[in-house]
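K.L.:
Generate coordinates for the sequence data below:
(chains A and B)
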Amino acid sequence: MLKRCRFALLLVPLLALSACQTTTPTTAAGTTPSALQTFDALYANAVSADDLAIKAATVALQSGFINATQASMILGITDSVKAALDTANAAAQSGDIGTASGNLAAALGPIAILSACLTTKPLTVQTFAACSVKLTPVVQS
Amino acid sequence: MTPAMILAILEGVLGAAPQLLALWQQATAGKPVSAADVSSVLSQYGVDRQVFLLAIQKAEAEGTAATKKT
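P.N.:
Have a look, this model is predicted:
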């Protein structure tokens, strides 16, 4: 039940993006942010999530849990996720909500898999290698 | 993107990083971010990426040195 409620909560931002023009959450101050402001918040939080993956990977590399080759692969993934987010942001600024939501959604998958791989217990070069074969980020145009 | 695909992605997000839930909730609570907030996030991202890149270069150099020793 709890899991389903969490799914429902997470569905809100994506559904909001799908119907971005009608997004009308209200802030504590009683003002209503625009769809673009809502997207800015999603963009900033998604970049923060990508940043978290980079920080975790840095610690994992420095601790010897992953090797330099794997770290380079992670950098490539996080760079492509950031590129997808930047594409989404640029599209949102120009009113192309379809491209914006598509790229935002596409960026979530690699971040999720990467985070899962970096939090694998025990994290070793071998377990990360087995997990990371699922990583295939996509930037949609 | 089908609902099943979205759910699969979200399940991955939940399983991977519960703290993301808080981030999304913050976004959906309607709390707008300022241009300064976005700039700060991007700046921090750039710093952390650079630290990661340097760590990779250091690890590669150490790996090369170890290989030469053997």
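K.L.:
which SS class is residue A:65?
P.N.:
Following DSSP: H, G, I helix; E, B strand; the rest coil, residue A:65 is assigned to coil.
K.L.:
so it makes contact with residue A:129?
P.N.:
No - applying Cβ atoms under 8 Å, one finds residue A:65 not in contact with residue A:129, separated by 11.5 Å. (Glycine included, C-beta is placed from N, CA and C.)
K.L.:
Those two: which is more packed in?
P.N.:
Ranked by neighbour count (other Cβ atoms under 10 Å in any protein chain shown), residue A:65 and residue A:129 place residue A:65 first, with 19 against 15.
K.L.:
Next up, the contacts around that one.
P.N.:
A:123, A:124, A:125, A:128 (Cβ atoms under 8 Å, 6 or more residues apart in numbering or on different chains).
K.L.:
Apply 7 Å and report the result again.
P.N.:
Counting by Cβ atoms under 7 Å, 6 or more residues apart in numbering or on different chains, residue A:65 touches A:123, A:124.
K.L.:
any idea how far it is from chain B?
P.N.:
Distance, residue A:65 to chain B, by Cβ to the nearest Cβ, to the nearest Å: 12 Å.
K.L.:
What distance do you get for that residue to residue A:105?
P.N.:
From residue A:65 over to residue A:105 the distance is 30 Å, taken as Cβ to Cβ, to the nearest Å.
K.L.:
can you check residue B:44 too?
P.N.:
From residue B:44 to residue A:105 the distance is 24 Å (Cβ to Cβ).
K.L.:
and the residue lying closest to residue A:40 once chain neighbours are set aside, which of the three is it?
P.N.:
Distances taken as Cβ to Cβ, 6 or more residues apart in numbering or on different chains place residue B:33 nearest to residue A:40, at 5.2 Å, with adjacent residues excluded. The three-state label given to residue B:33 by three-state DSSP is coil.
K.L.:
now do the one 4 residues further on
P.N.:
Here residue B:37 takes the helix state, with states given by three-state DSSP.
K.L.:
how many other residues sit next to it?
P.N.:
Residue B:37 sits with 14 neighbouring residues when counted by other Cβ under 10 Å.
K.L.:
Next: residue B:34.
P.N.:
Residue B:34 has 11 nearby residues by other Cβ under 10 Å.
K.L.:
what helix or strand does residue A:41 sit in?
P.N.:
If you go by DSSP states H and E, residue A:41 is part of helix A:35-62.
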